[in-house]
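Enquirer: turn this into a model:
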Amino acid sequence: MAIEQTFLAAAIILVITALIAVYRAIEGPTLPDRLVAIQVIGTATLIVLVLIAYITNQPLFIDVALTYALLNFLLAVIAGRYMITGEIFQ
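Expert: Okay, here's the model as predicted:
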């Protein structure tokens, strides 16, 4: 029972971190700052999904988290390409 409470506390801390990153994503002075903030939000969401999967004993959440991780990675690759070349497709 104590491990579930610890994971719940970690999930709450990660949600607070994601909320701070939302501020940076909105008010970021540069595009790279905003992109990093969006990646932090995605990573925090991914970890919270895995923690919820463990707490509730629902393995479906891990599948959702893996899909979300793939989308987060693709966003990072596409955003990096846009920052370097100025276009997504050639």
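Enquirer: give the buried residues for stretch 19-32.
Expert: 21, 24-25, 28 (16 or more other Cβ atoms under 10 Å). C-beta here means a position set from N, CA and C on the backbone, and glycine is covered the same way.
Enquirer: go on, stretch 69-84?
Expert: Neighbour count says stretch 69-84 has 69, 72, 79 buried, by 16+ other Cβ under 10 Å.
Enquirer: quick check: mean pLDDT of it?
Expert: Throughout stretch 69-84, pLDDT has a mean value of 90.
Enquirer: over to stretch 7-18?
Expert: 94.
Enquirer: narrow the buried residues of stretch 19-32 to those in helices?
Expert: 21, 24-25 (DSSP state H).
Enquirer: what about the strand or helix carrying Ile38, distance to the chain center?
Expert: Element membership of Ile38, judged by DSSP states H and E, is helix 31-56. Here helix 31-56 is found 2 Å from its chain centre; the criterion is Cα atoms, centre = their mean, to the nearest Å.
Enquirer: would you mark the buried spots in it?
Expert: Buried residues in helix 31-56 (16+ other Cβ under 10 Å): 34-53.
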